[in-house]
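I would like to see how this sequence folds:
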Amino acid sequence: MSAVSCQRAGSVGVARSANSKTSRPSLDYAAASSIQGPATDQTYRFCPRAAAANGWKHQKVPTCRQNQRHRCRAVKSTNAANKVSDGTLQPGLLISYKKDDKHILGYVVEPDGKKNWWIIDQHARRFSLPAKTVSLVLPGSNYVLDDVQRFTAAAEAADMSLLDIAWAVAAEDSRSYSLPELSKLLFADELALSQYMTFWMLLQDSIYFKTTFKAGVWSIAPKTVDQVEAAQAAAATEAAATADRTSFLEAFAAATAAASKQRPASLAALLAEWQQGPHAERVSALMEFAQSAPGKCSAASCTLARECLLLLKRRPEPDVALMELINAGLLRLHEPVPLLRSGRTTDTEMEPHIEAAAQALLSTPPSDPDASLRQDLTHLRVFTVDDASTTEIDDGLSVQEDEAGRQLLWVHVADPTRWITPGDVLDLEARARSRSLYFPWGSLPMFPTSLAEGPFSLNSSSSSQGSSSDNLQPCCAFSVCVSLAEDGSLGELITITPSKIRDTYRLTYDEVRLLAA
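I've put the predicted structure just below:
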C-alpha cells in the first residue's frame, strides 16, 4: 500500500505518490493512507479534477489547520474492493480462500482470536480459517449464507466460451487487467456476482489468461497468440486422452458385467475383438504386466498397465491385473500363471523347432532300444478308464489268472522312452515342462500333441467298441504285474517289463460307475 501526501500547489492540493515524480498514481494505490498535514495555517483540498484524471474516487476530506491531523483517502477504482490485507475481513463478507490448492467460496461469520475467522462454506460447514489463506474479498457487505450457494451455482454455470471473446479484446490492449476490469469486459458490470464468476472462470482457464496474486491484488494478463495456440493444442490432446480413458473404463466395465453373467464362449474371439479395437494397446499392456515374470515386463507396458489399474481404482500390481483380466473374460479362470510367467504359453502347439522335431520322429521312427526285452502282451484284454474328453491315454489295466490259479493284476503305462533319444530337443523340452497339465478348459501336454496323442499314448490302439481284433495296432508300454490276495490287496511283485499291448476296452468314469452299481 503506497502512501500519498498532499503537496502544495498554489491554493490547490494534488494527490500524488510519495515514490513517484509524476502526478499519476501507480496501480498499487488501493487503500486509504493517513498523512500528517504541514504545520501551517494554509487550507488544502483534494482536487476532484486531478483525481478524475488519474482514476481516483473523490471523497470528502476535512480542511486542515495548524496542529490538526488530516486524512486524505485515495482509492483506485479497479482494485480496492478486492485487495486482501490484515484489516480487510469483517462479518458478513463473502471471501474465497485456498485449501488443498483449491479456491473455495465462504461466508465470514466472526473473528476467532487475533488471526483467524470463523467461516461457513457452501456445504454449511463451520471452521476457523487463518486470514492469510484468503485469496479474494468480494465487494459489498451484509451478505447472507444463502449467497454462498447462489454465487457458487452461478459460477459453475458460467459460459467459459466468453473468455475467448474477452481474450481477443484484451490481447489488443496488451496490458494487465484487474478483476473488476475483466468482469466488466465479460459481463458489462463490476457487481460482486460478476466478479466472482470472472474469478471462478479464470481458475478453470489454462488457455487465455495468466493470473498473478501479489500484495493482496489479482492481476490478469492476456497470453500471446503463440501461447494460446500452444495451450489449445495441449488442451485438445488432453481432451482426447480423457475421452480415451473414459471410453476404456466404460468398455472394461461392460465386459466385466457381461462376463459375470456368462463366461465368453470363445476366449480367442473376445481377445481378437479387443486387439482390433481402440483399446488394444491398453489390454496388451495389462496382459504383459499380468503374465510377465518380475522384471521382464517392458517399461512402456508397465506404465500403461499401472495407469489402467489406477483408472479402475485398483492397486497397480501384476496379480491385481490378472484378476481384472479374468473378471473381464479376457483370461481363463484357471490360467496357469506360474507357467506363463516362466515364459511358457497356454497354446497346445509348441515352438516351431519342437513341432518340426516331432514330425521328423513320426516320419522316421528310431529303433526300439528295448526291443530284445519288450514282452508281447497283446493277448491280454486292456481296460482304460478316463474322462470322455481325454485325448491322451496314459495307462490301462489287465487281469489274468496264472497256471496256479492266482489272480494277476497288470498295470500298463505308455512308454515314450521307446521313441525319445536322451538329450535330444524333445527330451529337453519334456524335462523343462516336467509333466502334462490338465485344466477345466483343456490340457497343456508335456510333448507335442501329435506325439502325446499318438505313439506316446495307448490311444493309438484303443477301440471304443471293445474289439479284440488283430487290426488294432499294438503300442509300446511299460508293464508291472503283481498278484492279488483273496481280499483284493496287492501281493507279490511278479515282473516289471517293457511290453507291447492293445488297448481293447476304453471306458469312461460314468460307464464304470454304471457297471459297478
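
For the stretch 201-350 of the chain, which segments count as helices?
Here the stretch 201-350 of the chain has its helices, by DSSP state H, counting those that start in this stretch, at 225-261, 267-275, 280-291, 299-311, 318-327, 337-341.

how far does the first one sit from the chain's center?
Translated: helix 225-261. Its chain's C-alpha centre and that of helix 225-261 lie 12 Å apart, by Cα atoms, centre = their mean, to the nearest Å.

Now do the buried residues in it.
Within helix 225-261, the residues scored as buried using 16 or more other Cβ atoms under 10 Å are 228, 248, 251-252, 255-256, 259. Quick note: C-beta positions are derived from backbone N, CA and C, even for glycine.

Which strands and helices lie in contact with it?
helix 299-311, helix 318-327 (3 or more Cβ pairs under 8 Å, 6 or more residues apart in numbering; DSSP states H and E).

again, only this time at 7 Å
If you count contacts as 3 or more Cβ pairs under 7 Å, 6 or more residues apart in numbering; DSSP states H and E, helix 225-261 packs onto helix 299-311.

which strands and helices sit next to the helix it packs on?
Counting contacts by 3+ Cβ pairs under 7 Å, 6+ apart, helix 299-311 is packed against helix 225-261, helix 280-291, helix 318-327.

Pull the distance from that helix to the chain's centre.
Relative to its parent chain, helix 299-311 has a centroid offset of 7 Å by Cα atoms, centre = their mean.

for it, which positions count as buried?
301-302, 304-306, 308-309.

what does that helix contact?
Helix 299-311 is contacted from outside by 245, 248-249, 281-282, 285-286, 288-289, 315-316, 320-321, using Cβ atoms under 7 Å, 6 or more residues apart in numbering.

average pLDDT for it?
Throughout helix 299-311, pLDDT has a mean value of 96.

can you dump the C-alpha coordinates of that helix into PDB?
The C-alpha atoms that make up helix 299-311 are tabulated as PDB, following Å, rounded to 0.1, in the frame of the first residue of the first chain:
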ATOM      1  CA  ALA A 299       8.700 -50.200 -19.200                       C
ATOM      2  CA  ALA A 300       6.100 -48.900 -21.500                       C
ATOM      3  CA  SER A 301       3.700 -51.700 -20.800                       C
ATOM      4  CA  CYS A 302       4.200 -51.400 -17.100                       C
ATOM      5  CA  THR A 303       3.500 -47.700 -17.100                       C
ATOM      6  CA  LEU A 304       0.300 -48.100 -19.200                       C
ATOM      7  CA  ALA A 305      -0.900 -51.100 -17.200                       C
ATOM      8  CA  ARG A 306      -0.500 -49.300 -13.900                       C
ATOM      9  CA  GLU A 307      -2.300 -46.300 -15.300                       C
ATOM     10  CA  CYS A 308      -5.200 -48.600 -16.400                       C
ATOM     11  CA  LEU A 309      -5.400 -50.200 -12.900                       C
ATOM     12  CA  LEU A 310      -5.400 -46.800 -11.200                       C
ATOM     13  CA  LEU A 311      -8.200 -45.700 -13.600                       C
END
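
that older thread, of the buried residues of helix 299-311, which is the nearest to Pro365?
Ser301 (44.4 Å; Cβ to Cβ).

measure the closest one to Arg381 for me?
Per Cβ to Cβ, to the nearest Å, Ser301 is found 56 Å from Arg381.

In a strand, Glu486, correct?
No - using DSSP: H, G, I helix; E, B strand; the rest coil, the secondary structure at Glu486 is coil, not a strand.

Give me the neighbour count for it.
8 (other Cβ atoms under 10 Å).

Relative to Gln407, how far out is it?
According to Cβ to Cβ, Glu486 stands 9 Å off from Gln407.

Out of the buried residues of helix 299-311, which is nearest to Gly423?
Nearest to Gly423 among those, counting by Cβ to Cβ, is Ser301 at 36.9 Å.

Any chance of the backbone angles for Leu193?
In terms of degrees, to the nearest 10, the main-chain angles of Leu193 are phi -60, psi -40.

That one against Ala155, yeah?
No - using Cβ atoms under 7 Å, Leu193 and Ala155 do not qualify as a contacting pair, with a distance of 8.6 Å.

Relative to Cys297, how far out is Thr303?
According to Cβ to Cβ, Thr303 stands 10 Å off from Cys297.

do the same with Ser434
25 Å.

can you check Tyr438 too?
28 Å.

Which one's more surrounded, those two?
Using other Cβ under 10 Å, the more surrounded residue of Tyr438 and Cys297 is Cys297, with 19 against 14.

quick one: which of the helices and strands packed on helix 299-311 is nearest Glu335?
Nearest to Glu335 among those is helix 318-327; the distance by Cβ to Cβ comes to 6.9 Å.

Show me the contact partners of the closest one.
Residues from elsewhere that reach helix 318-327, judged by Cβ under 7 Å, 6+ apart: 256, 259, 286-287, 289-290, 305, 309, 312, 314, 331, 333, 335, 337.
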